[in-house]
Each structure stands twice: as structure tokens, then as C-alpha cells.
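1. please find the sequence and the predicted model below.
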Amino acid sequence: MPVQSPIAISNRTIDHIDDADPLEYHGHWEPVGVARVYNTGTSAMVKFAKRKEQPFITGGGLGDDKYAFEQLHFHWADTDESGCEHTVEGVKYSMEAHAVHFNTKYANFDEAKNKPDGLAVVAFFIHASGDKDCPEFQKISEGIRNVQKINTSASLDSDCLSWIGLQELCKHYYTYKGSLTTAPYFESVTWIIYRAPIFVSMGQVNVFRNLQSCPKDETKKIVNNFREIQKPEKDPEITFARNAKPKSKL
């Protein structure tokens, strides 16, 4: 049964899989089309346009279903010591990025968002550490500087999600059935949460805290835009893809 998200993940209560089907990413950082970042007033959101096909994921716990990219957004706090939504063994990271995808068996995100198999959200922990910028993340953090005002947008390089590739994407992720972490909290999400964080500089995280959240008051900023840990009555079924099967050769 799905549960409300986010949750606290403990390695003591999960199933480890050593021969998981590889989770496959297609097109997420290809240098084609147009990328834009938006200040929505509640987060920073990245979307793609002018592509023949949106990026998609398949495989892993998703089976043969194909989930198309809808948008990516971020959660953060007013300090570097918290800001993520999920935790692993109680550890909190500075940010959590969510790449939202919808099942292409449905016509679009709106049709899919409340279906039990409608959405797949890939979560990446991002942690502020020191002053050395992460080069791959720089395209995002520089774009954030151009959307300080609410309801503004700016162009990004079309390969602005290349930092996702810093992960070993085919494995080392947790999966469970949960919900959206923003209203209306539909329990329609297959969560894919990578264990290892992506390290960026403190400055690259801090730029997010300058985003304006109110059109009439420039002093009000987007901070602490994360949902607290939910505590389900029954522990959800969580799996960890410890290793992935080799890709079959055609």
C-alpha cells in the first residue's frame, strides 16, 4: 500500500536486491531543445521545450512502463544542515531535487497525477560542502541568479541536468510507493531515491535562498519549502538496488 511521503529510510527494514533490472535514463542531459528555470514562488523549477521527445526513464522498479519527464524542482532550508525531505539513517542533506515523470500510458501529467501507477519521482540529495563549486551544477546555480523575482524565468543550457550523471544511475537507489509531497498529496508516486549525495559548494546552495516568494514584499524569500517526515502506521515496502544486472547485448 502507498504511504504519505517523505519518509525516514532505515537500512534495517529494507530488502536488498543484487540483480535489479538497470534503471535507464534517456535524453535528460542531451544538448537539444530549450531549457528554462522558473521561480514559482514556492520552488525553482526546470522544464524542457522544443524537443521531439521529452526525456524518459524506464527499467528498474518501473518495469516496461515508460515515464516521461515533466519537470524538476528543488527543496531547501534556511541552513545547510537540513532542507531535504527524505532521510537515510537520520542523515539530513542541504537540498533534495525531484525529477518528476509521468507514465506515458496516460495522455499527460494531469491525467496521470492521481493514478496508482501515474508518477515516478527521482530524488537526488544535494549537500553543501566548502567553497569549491561543482562544475556540473553551475549551470543551474547561475540560472537561479536570473530568477530572483517571483514568477520570472530564464533560459538554461539544454544540458543543464548533466550533474545527474554524477550518480551511478543504474543502481544504488531506494524505491517505495508513496505520495506527492505537495498538495493534494496524491498517493500515486513510485519514488526512486539515490543513496549518495551530490556535493556542491555552500554558495551554490545559498543562491536558492535569495528567490523571492511574495510579489509585494521583496524581503520574503523561499526557504524551508520541504515537507516534514511522515510516519505511516505500517512500514512501507522499501527496496534498495544494491547491484544491477548487466545490460544484455543485442
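-> Noted; the coordinates are in hand.
2. residue nearest the centroid of this protein?
-> Among the residues of the chain, the one closest to the centroid is residue 98, at 1.6 Å (C-alpha atoms, centre = their mean).
3. is that residue in a helix, a strand, or coil?
-> Look at residue 98: counting by DSSP: H, G, I helix; E, B strand; the rest coil, its state is strand.
4. report the contact partners of it.
-> The contact partners of residue 98, taken as C-beta atoms under 8 Å, 6 or more residues apart in numbering, are 72-75, 121-123, 181. Bear in mind the C-beta positions are built from the backbone N, C-alpha and C, glycine included.
5. cool, and residue 51?
-> Residue 51 makes contact with 27, 32-34 under the criterion C-beta under 8 Å, 6+ apart.
6. now, of these, which are buried?
-> Taking 16 or more other C-beta atoms under 10 Å as the criterion, what is buried in the contacts of residue 51 is residue 27.
7. turn the contacts of residue 51 into a markdown table, including distance to residue 14.
-> Written out in a markdown table, the entries for these read as follows (distance: C-beta to C-beta, whole Å):
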| residue | distance to residue 14 |
| --- | --- |
| 27 | 30 |
| 32 | 37 |
| 33 | 37 |
| 34 | 39 |
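8. pretty sure residue 158 sits against residue 28.
-> No - the pair residue 158 / residue 28 is not scored as a contact, 10.5 Å apart, by C-beta atoms under 8 Å.
9. okay, those two: which has more neighbours?
-> Between residue 158 and residue 28, counting by other C-beta atoms under 10 Å, residue 28 is the more crowded of the two (21 against 18).
10. quick check, the more buried one in contact with residue 55.
-> Yes - in this structure, residue 28 sits in contact with residue 55. The criterion is C-beta under 8 Å, and the distance is 4.3 Å.
11. overlap in contacts of these two?
-> Listed contacts common to residue 28 and residue 55 are residue 69; contacts here mean C-beta under 8 Å, 6+ apart.
12. before we move on, back to that, quick one: which of the contacts of residue 51 sit in strands?
-> For the contacts of residue 51, the ones inside strands are residue 34, with DSSP state E as the criterion.
13. tell me the one of the contacts of residue 51 nearest residue 198?
-> Nearest to residue 198 among those is residue 27, at 19.8 Å by C-beta to C-beta.
14. and the pLDDT at the nearest residue to that closest one once chain neighbours are set aside?
-> The shortest distance from residue 27 to any non-neighbouring residue, by C-beta to C-beta, 6 or more residues apart in numbering, is to residue 55 (3.8 Å). On the pLDDT scale, residue 55 is placed at 97.
15. avg pLDDT for the helix ranked longest in the chain?
-> Determined from DSSP state H, the single longest helix within the chain is helix 138-144. In this model, helix 138-144 carries a mean pLDDT of 97.
16. repeat that for stretch 242-250.
-> For stretch 242-250, the mean per-residue pLDDT is 72.
17. pLDDT below threshold where in the protein?
-> Scanning the chain with the threshold set as pLDDT under 70 gives 247-250.
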